[in-house]
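In: From the sequence below, what's the structure:
(one chain, ligands or ions: 1)
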Amino acid sequence: MKNFICTTCGTQYPLSKHPPSKCTICNEERQYVNPNGQCWTTLNEMIESKKFHNEILFEENGLYSITTKPEFGIGQTAYFVQQNGFGLIWDCVAYLDEQTLTSLAKLGKCNGSLPPSLLFNAGRMGGKVKHPDLYS
Ligand SMILES: [Zn+2]
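Out: Predicted structure coming up:
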């Protein structure tokens, strides 16, 4: 069972034995299907490829951007907002590795590391997806 990720838009799907037949997001009229055909990966494949990392940049007091390098999906940028010891991730990136989670936990003053699926409402960290059509 794997959580497949669409390589075109970066959307991650629920656990399944086989990749979905199509990506719901890419088949929506505002997006596009990869002209080379539907392609899938998983977070583990991305981590094991050692091709990706997340760049966490200080934007302004209490605000950091999180961007996957090299660009993946539609080049999403997530934001980590800090205030009064509370950390909130606004929007999302498909690639979340242990190094990113550790860095965010330190910024959010959380203890330990958090698996990606627990970033939402875990401890004193919270998450919010900005667009309803992006839910990876
Ligand atoms: Zn897609």
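In: going forward, measure contacts and count neighbours with C-alpha atoms only.
Out: Will do.
In: Look at residue 30 and say how many residues are nearby.
Out: 8 (other CA atoms under 10 Å).
In: So for it, what's the pLDDT?
Out: pLDDT for residue 30: 90.
In: Let's test this: what are the backbone torsions at residue 49?
Out: When read as degrees, to the nearest 10, the backbone of residue 49 gives phi -70, psi -20.
In: quick one: contacts for the most centrally placed residue in the chain?
Out: The residue lying closest to the centre of the chain (CA atoms, centre = their mean) is residue 93, at 2.5 Å. Under the criterion of CA atoms under 8 Å, 6 or more residues apart in numbering, the neighbours of residue 93 are 10, 66, 67, 68, 76, 77, 78, 136.
In: what about stretch 7-26, distance to the chain center?
Out: Relative to the centre of its chain, stretch 7-26 is centred 14 Å away, using CA atoms, centre = their mean, to the nearest Å.
In: close to the ion, is it?
Out: Yes - Stretch 7-26 comes into contact with the ion (CA under 5 Å from the ion), by way of 9, 23, 26.
In: Just the buried positions in that stretch, please.
Out: 7, 8, 9, 10, 11, 12, 13, 19, 20, 23, 25, 26 (16 or more other CA atoms under 10 Å).
In: okay, those in TSV with pLDDT and secondary structure next?
Out: Below are these laid out as TSV (pLDDT from 0 to 100; DSSP: H, G, I helix; E, B strand; the rest coil):
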residue	pLDDT	secondary structure
7	96	coil
8	95	coil
9	94	coil
10	94	coil
11	93	coil
12	93	strand
13	95	coil
19	96	coil
20	96	coil
23	96	coil
25	94	coil
26	95	coil
